[in-house]
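Q: Sharing a sequence plus its predicted fold:
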Amino acid sequence: MVRIVRAEARSRYRLYLVFDDGVAGEVDLSDLVGQGVFASWRDPAQFARVGIDAEAGTVCWPGGIDLCPDTLHRDILAMRPGAVADSSS
């Protein structure tokens, strides 16, 4: 499992992430805003409160919200030029 070592909230519900294997990039999380546990993100200031859970290596927010680093890592790699889409999901 990869671990997130840096997370920075950016405009329009994007996160810039750096992983312990050196992979870095931006993910768009705008499709989650307002849904279920992500309702608090309707306020951009809440989204900006992103942190890193040092034990799990995940990005997290107040209220127990966290996201799987493996999924975020895969999403960043998939956006790179020449990446092949994973049709198994």
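A: That came through, no problem. Since we're looking at a predicted model, the values are computed, not measured.
Q: mind listing the strands for this structure?
A: 4-10, 14-19, 24-28, 51-53, 58-61, 65-67 (DSSP state E).
Q: what about the longest helix in the chain?
A: For the chain, the helix with the greatest residue count under DSSP state H is helix 69-78.
Q: list the helices and strands that helix packs on?
A: strand 14-19, strand 24-28, strand 58-61 (3 or more C-beta pairs under 8 Å, 6 or more residues apart in numbering; DSSP states H and E). For the C-beta atoms, the positions are set from N, CA and C on the backbone; glycine is no exception.
Q: Identify each buried residue in the second one, please.
A: Residues of strand 24-28 classed as buried: G25, V27 (neighbour count, 16 or more other C-beta atoms under 10 Å).
Q: List the strands paired with that strand, with their directions.
A: Sheet pairing here is set by DSSP bridges, and for strand 24-28 it gives strand 14-19 (antiparallel).
Q: Present the strands of the chain as JSON lines; the columns should include mean pLDDT.
A: Output for those, formatted as JSON lines (pLDDT from 0 to 100):
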{"stretch": "strand 4-10", "mean pLDDT": "97"}
{"stretch": "strand 14-19", "mean pLDDT": "97"}
{"stretch": "strand 24-28", "mean pLDDT": "97"}
{"stretch": "strand 51-53", "mean pLDDT": "97"}
{"stretch": "strand 58-61", "mean pLDDT": "96"}
{"stretch": "strand 65-67", "mean pLDDT": "96"}
